[in-house]
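Student: for reference, the sequence and a predicted model appear below.
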Amino acid sequence: MKKSLKDLSYEEIQDWATAKGLKAFVGRQIFRWMFDKKVSSASEMRNVSKPVRDLVDKSGDIKLLETEKHEKSPDDSTEKFLFRCRDGQAVETVLIRSPRRNTLCISSQVGCALGCVFCRTADMGFIRDLSSGEMAEQFIQASRISGEHITNVVFMGMGEPFRNYDASIRAAVVLNHEKGPNIAARRITLSTSGIVPRIREFAQLPYQFKLAISLNAGDNAKRNLLMPVNRRYPLPGLLEAAKHYTDVSNRHVTFEYVLIRDLNDGPEDAEALKNRLTSIPCKLNVIPFNETGGGLERPSDSDVKRFLSYLENVNFAVTLRNSGGRGIHAACGQLYHEGKTP
Ligand code: SAH
Ligand code: SF4
């Protein structure tokens, strides 16, 4: 796919400008217009000369996504966007409002290859990677349309960001850039199903981005059943990589645990978690399963409470995330669309 201006970093846009015979600062201005002022066409770049605006229009498209659908949950806490890419593929993005923050959940791929049994996105299969520009643009369009100041970004929409590592990190760096959206690195979280070599690479990054790992089982055989990726990167090695990340970065890791009725909600499941996680500086985020239309079930509220009670005396924090937006299929694990329109 042809690279767009939005796929370039702050430095690369300056190089682009000088290669066109312009001053580097023109590149800096264009970066600001795109990522800070969030314009969707060159004509809005007021302090940029007409010939340069024409050049921008001609040599790199700055609008990568069209908004095809915009839904709101009845209580307004959640909004879901369906964005159409230039090649006809589509992705979903979710905005979650809460009193203290507005979190945008962005997609990193169209579909996903990893086949987790509880995840609706898995049913799409893998279609393609998104470019960093397409990821950053989800933020720009969602900010424009909602009119909301987005404070946090999580790479927890469709796809596996660590299977599209370079573009995902590039997007995170742009979103963090002080001349762009300027979202603090510790408010940007990348979530992975457990691609071990990339976790080790992530630990070395000179940015304070946060890491979440979708754990879902403290037992290796059970995790194999839920997440086929575990056969490639089994649990012991994954937890070693998680520990490595916490050691090197001095940060906690968040483990996500989708709680599924009769599958991973028993006392032995809690015990396995306790044994595995005690030595890792971490937080465990329990997410009651959101229905996806398959055979799996959401535990009742009292089942959830009971599971949390098994974890009362552990030495790591345990939180419950009741994802909003179930009514509009915007909750964790529910992102899915039929793919490309003809
Ligand atoms: N591929 C990455 C990021 C996207 S999935 C990953 O797997 O981490 C984002 C989160 O949604 C994961 O923590 C996953 O465990 C959770 N999830 C998937 N399906 C779900 C479902 N049906 N109900 C609740 N959470 C789900
Ligand atoms: Fe892919 Fe994550 Fe869904 Fe698993 S949970 S299928 S890795 S998007």
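Tutor: That came through, no problem. Bear in mind the structure is a predicted one, so any value in this text is a computation, not a measurement. Numbers count the residues shown, from 1 in each chain. Ligands and ions are numbered 1, 2, ... in the order given.
Student: burial count for the closest residue to ligand 1 within the stretch 201-342 of the chain?
Tutor: Relative to ligand 1, the nearest point of the stretch 201-342 of the chain is Gly333 (1.9 Å; C-beta to the nearest ligand atom). No exception for glycine: its C-beta is placed from N, CA and C like everyone else's. By other C-beta atoms under 10 Å, 22 other residues sit near Gly333.
Student: please apply the same query to Leu239.
Tutor: 22.
Student: where's it relative to Phe209, distance?
Tutor: 20 Å (C-beta to C-beta, to the nearest Å).
Student: for the stretch 101-250 of the chain, just list every one of the helices.
Tutor: 132-146, 165-176, 196-203, 220-226, 229-232, 235-249 (DSSP state H, counting those that start in this stretch).
Student: got JSON lines for those helices, with distance to ligand 1 and mean pLDDT too?
Tutor: Shown next, in JSON lines, are the helices of the stretch 101-250 of the chain (distance: least, C-beta to the nearest ligand atom, whole Å; pLDDT from 0 to 100):
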{"stretch": "helix 132-146", "distance to ligand 1": "13", "mean pLDDT": "97"}
{"stretch": "helix 165-176", "distance to ligand 1": "10", "mean pLDDT": "98"}
{"stretch": "helix 196-203", "distance to ligand 1": "11", "mean pLDDT": "98"}
{"stretch": "helix 220-226", "distance to ligand 1": "9", "mean pLDDT": "98"}
{"stretch": "helix 229-232", "distance to ligand 1": "9", "mean pLDDT": "98"}
{"stretch": "helix 235-249", "distance to ligand 1": "12", "mean pLDDT": "98"}
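Student: mind listing what the residue of the stretch 201-342 of the chain closest to ligand 1 touches?
Tutor: Phe118, Cys119, Arg120, Thr121, Val258, Phe289, Asn290, Thr292 (C-beta atoms under 8 Å, 6 or more residues apart in numbering).
Student: just to be sure, Phe284 is in a strand?
Tutor: Heads up, residue 284 is Leu, not Phe. Yes. Assessed with DSSP: H, G, I helix; E, B strand; the rest coil, Leu284 lies in a strand.
Student: from the contacts of Gly333, pick the one nearest Leu104.
Tutor: Leu104 lies nearest to Thr121 out of these, by C-beta to C-beta, at 17.0 Å.
Student: that closest one and Val91, how far apart?
Tutor: Thr121 is 10 Å from Val91, by C-beta to C-beta.
Student: repeat for Val173
Tutor: 20 Å.
Student: neighbour-wise, which of those two wins?
Tutor: Of the pair Val173 and Val91, Val91 is the one with more neighbours under other C-beta under 10 Å, namely 27 against 20.
Student: residue numbers of the stretch 151-300 of the chain in contact with ligand 2?
Tutor: Neighbours of ligand 2 within the stretch 151-300 of the chain, by C-beta under 6 Å from any ligand atom: Gly159, Glu160, Ser193, Ser214.
Student: again, only using 5 Å
Tutor: For the stretch 151-300 of the chain, the residues in contact with ligand 2 (C-beta under 5 Å from any ligand atom) are Glu160, Ser193.
Student: could you report the neighbour count for Asn313?
Tutor: By other C-beta under 10 Å, neighbour count at Asn313 equals 7.
Student: ugh, wrong one, I meant Asp129
Tutor: Residues near Asp129, counting by other C-beta under 10 Å: 21.
Student: same check, this time on Ile13
Tutor: Neighbours of Ile13 (other C-beta under 10 Å): 23.
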